[in-house]
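Colleague: whatever this is, show me its structure:
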Amino acid sequence: MYDLIGDIHGHAAELRLMLQKLDYAPDAQGIYRHAAGRQVIFVGDFIDRGPAIRETLQVVRGMVDGGTALAVMGNHEYNALAFWTLDPAGGHLRPHRPHHILQHIETIRAFSTKELFVEWQDYLAWFMRLPLFLELPGLRVVHACWDARYIAYLREQLPDARLTPEFLLVASRKGSDELNAVEITLKGHETALPGDHHFFDKDGHRRTMMRTAWWRNPAAATYHEYFLEPIEALAGQPVDVAALPDASYYQDETPVFFGHYWLRGKPRLLTPHSVCLDYSVAKGGELVAYRWQGESVLTPAGLVRL
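Modeller: Down below sits the predicted model:
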């Protein structure tokens with residue numbers, strides 16, 4: 001059985017506390033193990049923002065390489081790969097613009113010496129070996145969005161769900177199918193806000209595109225339920241489904257676990273078959289996990305908080 005842990009973002013102290021709460025303990029090599037043989041699944045976003053990024057990677061990679069955990073890639077690991085990969089056309093696949101540098105600045109600081117940068121390059125190679133999603137008996141894991149159409153496309157292009165240098169290059173080109181599939185899978189669906197509505201995100205940026213709740217039927221939702229940031233003027237209105245470019249939503253009964261969305265408040269299930277485990281540990285929130293016992297219908301009792 002599996003213990004799924006949400007976005008960590010360099011908060012190694014909280015990660016260790018969560019592992020201890022889940023009854024994992026370090027062995028002689030420092031690898032956290034469970035006496036009954038349970039495994040952790042990490043939903044991605046190990047780096048950026050937090051105070052102990054290197055230590056977080058040591059714990060996570062140690063467990064994955066040691067066979068006591070699985071992990072999927074988060075958008076921050078993907079962004080880091082593009083940020084440090086040279087573009088044959090010049091520059092890097094993710095341009096070194098100020099806001100990109102700012103997103104990665106804590107990770108850059110964590111590996112700021114020549115010796116540590118060699119270690120960082122090894123972590124980048126390790127990121128390339130992380131799958132974009134996992135489908136295991138009885139459950140699915142993805143960083144941001146399980147959309148069957150894009151999962152099928154990625155399976156077709158990447159049989160083991162792991163990036164290749166060639167795919168990473170093409171996925172850096174605007175308008176490519178590869179970029180669209182990766183963006184949806186690692187960052188989720190977005191839709192334009194109606195009229196001149198906007199909001200300011202967690203970093204203070206003005207946004208006119210809104211992340212949407214891909215696990216919820218928009219035809220049975222208000223904007224407050226469907227949008228992942230509150231827009232007071234729209235809150236009680238039913239969603240105008242005709243205005244959505246893509247109104248599909250997750251209807252499968254296989255439980256799906258993910259992170260990414262910086263949720264706040266008391267951890268909760270989103271539906272009986274979906275749960276987000278990202279509760280903003282890097283913004284004053286908490287690290288959250290789910291102890292999965294093989295159930296097909298998720299239960300609030302499975303949620304674990306520090």
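Colleague: can you pull the contacts of residue 265?
Modeller: residue 279 (C-beta atoms under 8 Å, 6 or more residues apart in numbering). C-beta here means a position set from N, CA and C on the backbone, and glycine is covered the same way.
Colleague: distance-wise, check it relative to residue 192.
Modeller: As defined by C-beta to C-beta, to the nearest Å, residue 265 lies at a distance of 26 Å from residue 192.
Colleague: so where do the strands sit in the stretch 1-150 of the chain?
Modeller: 2-5, 24-26, 32-34, 39-42, 69-71, 133-136, 139-142 (DSSP state E, counting those that start in this stretch).
Colleague: equivalent analysis for the stretch 201-306 of the chain, please.
Modeller: Under DSSP E, counting those that start in this stretch, the stretch 201-306 of the chain gives strands at 206-207, 209-211, 256-258, 274-276, 278-279, 286-292, 303-305.
Colleague: please identify which of those is closest to residue 36.
Modeller: Ranking the strands of the stretch 201-306 of the chain by proximity to residue 36 (C-beta to C-beta) places strand 286-292 first, at 11.8 Å.
Colleague: re earlier: okay if I get the strands of the stretch 1-150 of the chain as a markdown table plus mean pLDDT, mean neighbour count and distance to residue 201?
Modeller: Listed next are the strands of the stretch 1-150 of the chain as a markdown table, based on pLDDT from 0 to 100; neighbours: other C-beta atoms under 10 Å; distance: least, C-beta to C-beta, whole Å:
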| stretch | mean pLDDT | mean neighbour count | distance to residue 201 |
| --- | --- | --- | --- |
| strand 2-5 | 98 | 24 | 24 |
| strand 24-26 | 98 | 16 | 34 |
| strand 32-34 | 98 | 20 | 33 |
| strand 39-42 | 98 | 24 | 24 |
| strand 69-71 | 98 | 23 | 26 |
| strand 133-136 | 98 | 17 | 25 |
| strand 139-142 | 98 | 24 | 22 |
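Colleague: any chance of JSON lines for those, columns distance to residue 223?
Modeller: Listed next are the strands of the stretch 1-150 of the chain as JSON lines, based on distance: least, C-beta to C-beta, whole Å:
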{"stretch": "strand 2-5", "distance to residue 223": "29"}
{"stretch": "strand 24-26", "distance to residue 223": "41"}
{"stretch": "strand 32-34", "distance to residue 223": "42"}
{"stretch": "strand 39-42", "distance to residue 223": "32"}
{"stretch": "strand 69-71", "distance to residue 223": "34"}
{"stretch": "strand 133-136", "distance to residue 223": "28"}
{"stretch": "strand 139-142", "distance to residue 223": "25"}
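Colleague: for the nearest residue to residue 45 once chain neighbours are set aside, grab phi and psi.
Modeller: Spatial nearest neighbour of residue 45, excluding adjacent residues (C-beta to C-beta, 6 or more residues apart in numbering): residue 74 at 3.5 Å. Main-chain dihedrals, residue 74, degrees, to the nearest 10: phi -100, psi 170.
Colleague: so for this protein, the centremost residue is which one?
Modeller: residue 143 (3.1 Å; C-alpha atoms, centre = their mean).
Colleague: how far away is the closest residue to it other than its chain neighbours from residue 215?
Modeller: Nearest non-adjacent residue to residue 143, counting by C-beta to C-beta, 6+ apart: residue 44, 4.0 Å away. Noted for residue 44: a distance of 17 Å to residue 215, by C-beta to C-beta.
Colleague: between these two, which is the more surrounded one?
Modeller: residue 44 (30 against 18; other C-beta atoms under 10 Å).
Colleague: now the more buried one, what are its backbone angles?
Modeller: Residue torsions, per degrees, to the nearest 10, at residue 44 are phi 100, psi 180.
Colleague: that older thread, just checking, the residue nearest to the centre of the chain touches residue 261?
Modeller: No. Using C-beta atoms under 8 Å, residue 143 is not in contact with residue 261; the gap is 10.1 Å.
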